[in-house]
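*Asks:* I'd like to go over a predicted model; first the sequence, then the structure.
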Amino acid sequence: MILSTKENNINTLKNGYRCRKLRAGLVTIFLMIITFALSTQILVNGTSRYPLEVVFRVLMGEEIQGASFVIRTLNLPRMLAGLLVGISFGIAGSTFQTILRNPLASPDIIGITAGSSVGAMVSILILNLSGTIVSIIALLCGISIALLIYMLSKVGGFSGAKLILIGIGIQAMLNSVISFLLLKASQYDIPAAYRWLSGSLNGVQLTSIPKLFIVLIIFGSLIIIFGKHLRILELGEESAITLGVRTDVVRLVLVLSAVFLIAFATSITGPIAFVAFLSGPIAIRLVGYGAPNELAAGLVGAILVLGADLIGQFAFQTRFPVGVITGILGSPYLLMLLIRINRRGGTA
């Protein structure tokens, strides 16, 4: 009788695992289809709408007057940047939120993207730099700020809540620095600075895409490989150590991987608001709790960026950067989350 009960429990657990795995697989395929559809829409829409046949011929190398320049030089880099940056933001944001077990632990809430923004503002407004060097400085500043936040949070014992509070404080300080730089800047430099701060796919060069792809493959793969440890870390520090997880090593690898993803993506397009913040919670709702959601979060991030770019470019008479649209989408969720946390008197 006891053996039969144990077998039933084991079968129930196995069936539950298979159902979660099937659901995660189906959701991931569905998100891939949406991502592909949005990517195609960005390729076919430009100064005029091009048939899919024309787009395919141009991508295969054929020269078609008018279409070749728009599709290869404007639309293709825009689509690839939106796709790769969205995946990077989504995976990185979900990783931070899972490690720290708090939906507020997003890179654009705890100061990492603000660090990249300060680096870019100094480059543009003070050093009068442009192009690739601005991206490099933004990347280095983002990584430096992330390491500073992590090291400060380890003083007296690591705590997720401590890291979030330190990050929010540093973000406020960095935003003040950005405001000061904008006030003191020449009026001729301010449009370029605001264009970068708003988060935009405009002007992304095809030469930046291979580097972004390599960074995503390396650090995104590390996060997915260590995904099983993320599930264990959600149980808490003591439980993870009991189960044999080297928490300091795992946390460091995951945090550094997420930081490189978010900092490099930000250095290419600027800080696209709330994509990292929204992707993880949406992915969890779709995939379900207990299932790996890193890939789903990345696809949700890509959908948010690509969809917001299409809305910003074609839904209004005035064209808006993608970061403006994602900011409009993310602000209500942030307010709702803060209200929920306040009512519960703790983390959501």
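*Replies:* Nice, thanks for sending it over.
*Asks:* mind listing the helices in the stretch 151-300 of the chain by residue range?
*Replies:* 160-184, 190-197, 208-225, 227-233, 237-242, 247-269, 275-287, 294-314 (DSSP state H, counting those that start in this stretch).
*Asks:* The stretch 1-150 of the chain now?
*Replies:* 2-44, 52-59, 67-68, 76-100, 112-121, 132-154.
*Asks:* now could you export just the CA positions of the fifth one as PDB?
*Replies:* Taking C-alpha atoms only, helix 112-121 is exported to PDB below (Å, rounded to 0.1, in the frame of the first residue of the first chain):
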ATOM      1  CA  ILE A 112      23.200  49.300 -14.800                       C
ATOM      2  CA  THR A 113      21.700  50.900 -17.800                       C
ATOM      3  CA  ALA A 114      22.100  54.300 -16.100                       C
ATOM      4  CA  GLY A 115      25.900  53.500 -15.800                       C
ATOM      5  CA  SER A 116      26.100  53.000 -19.600                       C
ATOM      6  CA  SER A 117      24.100  56.100 -20.200                       C
ATOM      7  CA  VAL A 118      26.500  58.200 -18.100                       C
ATOM      8  CA  GLY A 119      29.400  56.900 -20.100                       C
ATOM      9  CA  ALA A 120      27.600  57.700 -23.400                       C
ATOM     10  CA  MET A 121      26.700  61.200 -22.200                       C
END
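*Asks:* Who are the packing partners of it?
*Replies:* helix 132-154, helix 160-184, helix 190-197, helix 247-269 (3 or more Cβ pairs under 8 Å, 6 or more residues apart in numbering; DSSP states H and E). Where C-beta positions appear, they are placed from N, C-alpha and C, glycine not excepted.
*Asks:* Check which helices and strands the first one sits against.
*Replies:* Using 3+ Cβ pairs under 8 Å, 6+ apart as the contact criterion, the neighbours of helix 132-154 among helices and strands are helix 112-121, helix 160-184, helix 247-269.
*Asks:* mind listing what the closest residue to W196 other than its chain neighbours touches?
*Replies:* Sequence neighbours aside, G270 is the residue nearest to W196 in space, at 4.5 Å (criterion: Cβ to Cβ, 6 or more residues apart in numbering). Remark: with contacts taken as Cβ atoms under 8 Å, 6 or more residues apart in numbering, G270 is in contact with 117, 120, 195-200, 323.
*Asks:* so how many other residues sit close to K162?
*Replies:* As a burial measure, K162 scores 17 neighbours (other Cβ atoms under 10 Å).
*Asks:* most neighbours per residue, which of the helices and strands packed on helix 132-154?
*Replies:* helix 112-121 (a mean of 28; mean count of other Cβ atoms under 10 Å).
*Asks:* What mean pLDDT does it get?
*Replies:* Average pLDDT, helix 112-121: 88.
*Asks:* Pretty sure S279 sits against E294.
*Replies:* No: counting by Cβ atoms under 8 Å, S279 stays clear of E294, with 10.1 Å between them.
*Asks:* quick one on the thing from earlier: which of the helices of the stretch 151-300 of the chain has the lowest average pLDDT?
*Replies:* helix 237-242 (a mean of 68).
*Asks:* if I look at R72, how far off is G203?
*Replies:* 15 Å (Cβ to Cβ, to the nearest Å).
*Asks:* Compile the helices and strands packed on helix 112-121 into a markdown table and extend it with columns for distance to A308.
*Replies:* Formatted as a markdown table, the helices and strands packed on helix 112-121 follow (distance: least, Cβ to Cβ, whole Å):
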| stretch | distance to A308 |
| --- | --- |
| helix 132-154 | 21 |
| helix 160-184 | 22 |
| helix 190-197 | 16 |
| helix 247-269 | 12 |
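*Asks:* what about these, which gets the closest to R78?
*Replies:* Closest to R78 of these is helix 247-269 (Cβ to Cβ; 9.9 Å).
*Asks:* For I224, find the nearest of the helices of the stretch 1-150 of the chain.
*Replies:* Short answer: helix 76-100, nearest of the helices of the stretch 1-150 of the chain by Cβ to Cβ, at 7.9 Å.
*Asks:* distance between the closest one and the chain's centre?
*Replies:* Centre-to-centre, helix 76-100 and its host chain are 3 Å apart (Cα atoms, centre = their mean, to the nearest Å).
*Asks:* Can you work out which other helices and strands pack against that helix?
*Replies:* Going by 3+ Cβ pairs under 8 Å, 6+ apart, helix 76-100 lies up against helix 2-44, helix 160-184, helix 208-225, helix 227-233, helix 247-269, helix 275-287, helix 294-314.
*Asks:* what packs against the shortest one?
*Replies:* It refers to helix 227-233. For helix 227-233, the packing partners by 3+ Cβ pairs under 8 Å, 6+ apart are helix 76-100, helix 237-242, helix 247-269.
*Asks:* Provide a list of residues in contact with L83.
*Replies:* Contacts of L83 by Cβ under 8 Å, 6+ apart are 35, 39, 302, 305-306.
*Asks:* how far away is it from A263?
*Replies:* Taken as Cβ to Cβ, the span from L83 to A263 is 18 Å.
*Asks:* Same check on V58?
*Replies:* 33 Å.
*Asks:* follow-up on the earlier one: quick one, which of the helices and strands packed on helix 112-121 is nearest to S208?
*Replies:* Here helix 247-269 is closest among those (Cβ to Cβ), at 5.4 Å.
*Asks:* quick one, the closest one and helix 190-197 angle?
*Replies:* 140 degrees (axes from the mean of the first three to the mean of the last three Cα atoms, to 10 degrees).
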